[in-house]
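Enquirer: Show me how the following folds:
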Amino acid sequence: AERFVSDPYHETAGAKMYRSGDLARHRENGVIEYLGRVDFQVKLRGFRIELGEIEARLEEHIAVAQAVVVMRESDTGGQYLVAFYTGEKVANEIPFIHYLAGHLPEYMIPTHFVYLEEFTLGSSGKVKRKDLPQLELSQANTKTEYLAPSTQIEELLAEMWEEILQIEKIGIHDNFIEMGGHSLTAIRLVSRVMETFDLTLPINLVFKKPTIASYAAHVEETIVALLEEEE
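Expert: Numbering: from 1, shown residues only. A predicted model of the protein is given here:
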């Protein structure tokens, strides 16, 4: 009864149609766009997410041949999305973040992107998701010797760092990435910087300048340059 439902398009009374479990949507031009499987739906931070939709979008990226997205749970009980992909190995996750951010809401962007040479396939030819590798995530409470903020910009950024990373007393030379920062936290940081300083800075700046000291210096330089342009 769940799979064989009434067919409203057939002229014969009592005709049935099979609910395949494939997820798709009609585009404005009449094309049916395949998005993946509905049986891979998960709930993350209160949002229902179709993993197949993320996979379909990621596979549109020029570097990706095939993608599989799964939800994982950390040692502390938190949940996050991991995207495994084959194709061309990229140096970092920034290209994927930028691409997906233009097509998907923030909560659907995977936290980690992992390159694999190939997927393990079952007898049916489908990817064996249980065989996907576990991530060895560094528990980034690795902090350098604490050095307090010395400027107002550094103080404001330190507050953002501590709130977003959920870590107390972050010094200006502590590394955002080494302390657990990733794509989603970088997006949140950029959003906070925009609200606080009225600046639109690229996401990859967080990875290029991952300390409060280096990031604050860039923010200050940008503000000074904008003020000089106004004069």
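Enquirer: following the helix or strand of the chain with the lowest mean pLDDT, which helix or strand comes up?
Expert: Ranked by mean pLDDT, DSSP states H and E, the weakest helix or strand in the chain is strand 32-37, scoring a mean of 76. Scanning forward in sequence from strand 32-37 by DSSP states H and E, the next helix or strand is strand 41-44.
Enquirer: And that following strand, how far out from the chain middle?
Expert: Averaged C-alpha coordinates place strand 41-44 at 14 Å from its chain's average position (C-alpha atoms, centre = their mean, to the nearest Å).
Enquirer: what about it, average pLDDT?
Expert: Average pLDDT, strand 41-44: 80.
Enquirer: for the lengthiest helix in the chain, packing partners?
Expert: Longest helix in the chain, counting residues (DSSP state H): helix 212-230. The contact analysis (3 or more C-beta pairs under 8 Å, 6 or more residues apart in numbering; DSSP states H and E) places helix 212-230 against helix 152-165, helix 183-197, helix 204-208. Quick note: C-beta positions are derived from backbone N, CA and C, even for glycine.
Enquirer: Identify whichever of those lies nearest to Ile97.
Expert: helix 183-197 (4.7 Å; C-beta to C-beta).
Enquirer: List the buried residues for the closest one?
Expert: 183-190, 192-193, 197 (16 or more other C-beta atoms under 10 Å).
Enquirer: again with stretch 153-168
Expert: For stretch 153-168, a neighbour-count test (16+ other C-beta under 10 Å) marks 153-154, 156-158, 160-161, 164-165 as buried.
Enquirer: And these, which is closest to Met108?
Expert: Ile164 (18.9 Å).
Enquirer: and the gap between the closest one and Gly30?
Expert: The gap separating Ile164 from Gly30 is 44 Å, by C-beta to C-beta, to the nearest Å.
Enquirer: Where does pLDDT dip in this protein?
Expert: Filtered on pLDDT under 70, the chain yields the residue ranges 36-39, 74-78, 136-144, 178.
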